[in-house]
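S.K.: Okay, here's the prediction I keep looking at, along with the sequence it came from:
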Amino acid sequence: MVELRDWPGLSGADYSFEMSPVGNAFDNRPGVYVFVRRTVAGLWQVLYVGETDDFDASLNAGLETHEAWPRIRDFFATHIGILPVSEAAERRRIEADLREGMQPPCN
């Protein structure tokens, strides 16, 4: 069963992400993603918001070369949330909305 989690952007819009543990395999789909961790209180904390034209290339094969991975790893990311979005301009808009609304520490 896929766990879904919603996060609000600065605009007030909510975006629903499919959650998976870090290291999970992803398809070659485009979209927006978030690195998150569970706090000791069991709450989710968004650490980084990004967008890609290929989840697999960015979050599987390319994870170790991801520009923010050392910082994300240092913040103990436990999960990645994905939101498939095919259009590049829409991905960038959603990424900016989320990043500006949540101010994640690794962006």
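M.R.: Thanks, I have it. Numbering: from 1, shown residues only.
S.K.: Would you mind giving me the confidence score for Gly62?
M.R.: If you check Gly62, the pLDDT there is 85.
S.K.: number of nearby residues for it?
M.R.: 13 (other C-beta atoms under 10 Å). Just so you know, the C-beta spots here come from the backbone N, C-alpha and C atoms, and that holds for glycine as well.
S.K.: any idea how far Gly101 is from it?
M.R.: Per C-beta to C-beta, to the nearest Å, Gly62 is found 26 Å from Gly101.
S.K.: Let me see the ranges of the strands in this structure.
M.R.: With strands called from DSSP state E, the chain shows them at 3-8, 14-21, 31-38, 44-52, 79-84.
S.K.: Kindly reformat those as TSV containing mean pLDDT, mean neighbour count and distance to Ile94.
M.R.: Formatted as TSV, those follow (pLDDT from 0 to 100; neighbours: other C-beta atoms under 10 Å; distance: least, C-beta to C-beta, whole Å):
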stretch	mean pLDDT	mean neighbour count	distance to Ile94
strand 3-8	94	13	10
strand 14-21	96	15	6
strand 31-38	96	23	5
strand 44-52	96	22	7
strand 79-84	97	20	7
